[in-house]
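**Q** sequence first, then the predicted structure:
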Amino acid sequence: FFFDAHLIQPMWSIHMAQLLTIAFATGASAFQISHKAIGIRATHSASSIHMAESISFDQTILDRYLNLPTPGQIQAEYLWIDADGDVRSKCRTIDAAKASLEDLPNWNYDGSSTGQAPGDDSEVIIKPRAIFKDPFRGGDNILVLTDTFTPAGAPLPTNSRVSADSIFSTTVDQEPWFGLEQEYTLFNMDKVTPLGWPIGGYPGPQGPYYCSAGADRAYGRTISDAHYKACLYAGIAISGTNAEVMPGQWEFQVGPCVGIDAADQMMVGRYILQRVCEDFGVYCTFDPKPMEGDWNGAGCHTNFSTEKMRKTGGYMEIERAIRRLGAKHQEHIDAYGEGNERRLTGAHETASITDFSYGVANRGCSVRIPRSTEADGCGYLEDRRPSSNCDPYIVTAMIMKTCTDEKGPEADISAKNIATA
């Protein structure tokens, strides 16, 4: 049958036309497609507002266009961080000879559409800070990480990179290394059902899913592998990946990286992950506790060391740094991510959000010292408190500042170690 969408009330017309298109393609009734797409926004939850239907395209047709030669010109995808900490982007054409950090132009975007500027003065200036190869367009095309400023040149309140860079620029001689472990959870596009979970139900209890293999327990490996390869291609220092304890949850690691580079690479790594999930029609969240109940949350464990810590005798320097972290526990917790109180409960491999503790190989502590670090007498520490949705610029800069402050207070605390034979 034919249905003239233009006869419907204007606010419904586009939505209904889309539903009918999907219905004809799938053989379903338009009204069997989720009513959430119709646009009755007043009664929707936050997840429903962002609802999207999966639409597939023929990759071979797309490749026909992507493979067209563009002599002397490249596409530069400019990335920036919005008011919610998400990475947004838009693309521009650049002369191939000017595709360097020194020659790339500043650009701008509408900050009133990202919650970063008023409508009557909406222009936000973005300045290139790092370049990566574009794993989606390939060729000589690039991703350009930027940070955000007002037209007058002041960093936006959401631009945490500037203050972090000021800290790292004065501590270059200490050679701070970071390794960031980014956990994330994959969902169906309903944003309610984690990938691999039965709709409206639960899988078997945790245990068989961590670092697992098998169609009955490893859900999302295709996305993890695609993201891994895309990061390698882009030039991200991705050092590994694994399935996590909760089914549908994964982790990738970035580092070791020096100073500000760790947060830069993590933000680009998050962007690449979201683009990969976009291709596969899967929703990815960095929520620190995506499923209530007896399920692990998601964190961004942060491994840290300075040159002193990595040298012989560095173990004393590591414990001193941990005691400084303990003295400023609440200050760090306040900056380590939204919703972290749902994750740091003292269960599921976390310490309580109200208490600070550390120990060798103890994943129930706030800060873990690896067993190899204890054995070698030098190495690094792992701060397990940051949440998966944390701002890596804030986290890495705070850890650097607190741990290396020679005049900073130290908590009166001892390690919670388990004796080994």
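**A** Happy to help now that I have it.
**Q** for stretch 284-294, C-alpha coordinates in CSV please.
**A** C-alpha atoms of stretch 284-294 as CSV (Å, rounded to 0.1, in the frame of the first residue of the first chain):
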residue,chain,number,x,y,z
CYS,A,284,28.9,1.7,23.7
THR,A,285,28.8,3.3,27.1
PHE,A,286,31.5,4.4,29.6
ASP,A,287,29.0,4.4,32.5
PRO,A,288,30.8,3.2,35.6
LYS,A,289,28.0,0.9,36.7
PRO,A,290,25.9,0.1,33.6
MET,A,291,24.0,-2.8,35.2
GLU,A,292,22.9,-2.8,38.9
GLY,A,293,23.3,-6.0,40.9
ASP,A,294,26.0,-8.6,41.1
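**Q** centre of the chain to that stretch, how far?
**A** 14 Å (Cα atoms, centre = their mean, to the nearest Å).
**Q** could you give the mean pLDDT of it?
**A** Confidence over stretch 284-294 (mean pLDDT, whole number) is 97.
**Q** ok, and what's touching that stretch?
**A** With contacts defined as Cβ atoms under 8 Å, 6 or more residues apart in numbering, stretch 284-294 is touched by 182, 184-187, 191, 194, 205-206, 223, 246, 249, 270, 273-274, 277, 297-299, 337-340, 342-343, 348, 387-389. Glycine gets a C-beta too; all of them are placed from N, C-alpha and C.
**Q** what are the buried residues along that stretch?
**A** Neighbour-count burial for stretch 284-294, counted by 16 or more other Cβ atoms under 10 Å, picks out 284-291.
**Q** go on, stretch 203-211?
**A** Of all the residues in stretch 203-211, those buried under the rule 16+ other Cβ under 10 Å are 203, 206, 209-210.
**Q** for that stretch, measure first residue to last.
**A** With Cα to Cα, to the nearest Å as the measure, stretch 203-211 spans 17 Å from end to end.
**Q** the closest residue to Thr345 other than its chain neighbours: neighbouring residues, count only.
**A** Closest residue to Thr345 apart from its sequence neighbours, by Cβ to Cβ, 6 or more residues apart in numbering: Ser352 at 6.6 Å. By the criterion of other Cβ atoms under 10 Å, Ser352 has 14 neighbours.
**Q** this protein: helices as residue ranges?
**A** Using DSSP state H, the helices of the chain run over 10-26, 46-49, 59-66, 161-169, 221-234, 261-280, 307-310, 314-327, 329-335, 371-376, 392-403.
**Q** closest to Val87 among the buried residues of stretch 284-294?
**A** Val87 lies nearest to Phe286 out of those, by Cβ to Cβ, at 11.2 Å.
**Q** tell me how far the spatially most central residue of the chain lies from Ile126.
**A** Among the residues of the chain, Arg270 comes closest to the average C-alpha position under Cα atoms, centre = their mean, at 3.9 Å. Per Cβ to Cβ, to the nearest Å, Arg270 is found 17 Å from Ile126.
**Q** what's the answer for Thr404, then?
**A** Distance from Thr404 to Ile126, by Cβ to Cβ: 31 Å.
**Q** the more surrounded of the two?
**A** Neighbour totals were compared for Thr404 and Ile126, and Ile126 leads with 23 against 20 (other Cβ under 10 Å).
**Q** now do the contacts for the residue nearest to that one when sequence neighbours are not counted.
**A** Spatial nearest neighbour of Ile126, chain neighbours left out: Thr146 (3.8 Å); criterion: Cβ to Cβ, 6+ apart. The contact partners of Thr146, by Cβ under 8 Å, 6+ apart, come to 78-80, 107, 126-129.
**Q** surely Phe178 touches Pro256?
**A** Yes. Under the criterion of Cβ atoms under 8 Å, Phe178 makes contact with Pro256 at 6.7 Å.
**Q** hey, what's in contact with both of these two?
**A** Jointly contacting Phe178 and Pro256 under the rule Cβ under 8 Å, 6+ apart are Asn303.
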